[in-house]
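Peer 1: sequence unknown, structure follows:
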């Protein structure tokens, strides 16, 4: 029971829909901005053909969109507020499945190609940079949107 109690965050103020919209309009396109250099490096830097390119983009997109949940789920630093075990386990499982899928028969049937290790090193760098930038931007946005340091909806308990 102590673990569940630690996961509950009492939210004290209201984040209005305009604040949410502004947050989405800034954080949302950031993923797309990262796609362009990723495309260029996959196509020109690694010389990926169509199948390898699509596979690399799939893995990068899946991993960034799953892991960004850990950043945007809390106003504070992602590592200062531990997520719940179900969220952590689910995210890890999804990332492992997505990263290994290209090396399986199912991946081949889905039109995926195994990626060289150097592409994975690049993808780790892209994902790490993206998540770090989201963390920095989130902090600045939240301090502007919620200068009193509070986030959430009045009287609502949320679990992570």
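Peer 2: Here it is on my side, so go on. Owing to the predicted nature of the structure, the values given are computational and were not obtained by experimental measurement.

Peer 1: Sketch out the low-pLDDT regions of this protein for me.
Peer 2: 1-16, 145-160 (pLDDT under 70).

Peer 1: for the residue nearest the centre of the chain, what are its contacts?
Peer 2: Averaging the C-alpha coordinates of the chain gives a centre point, and the residue nearest to it by CA atoms, centre = their mean is residue 68 (2.0 Å). Applying CB atoms under 8 Å, 6 or more residues apart in numbering to residue 68 gives the contacts 31, 130, 131, 134. Yep, even glycine has a C-beta here, placed from its N, CA and C like the rest.

Peer 1: how about the residues you listed in JSON lines, adding neighbour count, distance to residue 86 and secondary structure?
Peer 2: As requested, the contacts of residue 68 are arranged in JSON lines below (neighbours: other CB atoms under 10 Å; distance: CB to CB, whole Å; DSSP: H, G, I helix; E, B strand; the rest coil):
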{"residue": "31", "neighbour count": "15", "distance to residue 86": "24", "secondary structure": "helix"}
{"residue": "130", "neighbour count": "22", "distance to residue 86": "24", "secondary structure": "helix"}
{"residue": "131", "neighbour count": "17", "distance to residue 86": "21", "secondary structure": "helix"}
{"residue": "134", "neighbour count": "22", "distance to residue 86": "22", "secondary structure": "helix"}
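
Peer 1: And the furthest pair within those?
Peer 2: Of all pairs drawn from those, the one with the largest separation by CB to CB is 31 and 131; the distance is 10.8 Å.

Peer 1: Find residues that contact each of these two.
Peer 2: By the contact definition CB under 8 Å, 6+ apart, residue 31 and residue 131 are jointly contacted by 64, 68.

Peer 1: what's downstream of the helix or strand hosting the residue nearest to the centre of the chain, the next helix or strand?
Peer 2: Per DSSP states H and E, residue 68 falls inside helix 50-72. Using DSSP H and E, the helix or strand that follows helix 50-72 in sequence is helix 85-100.
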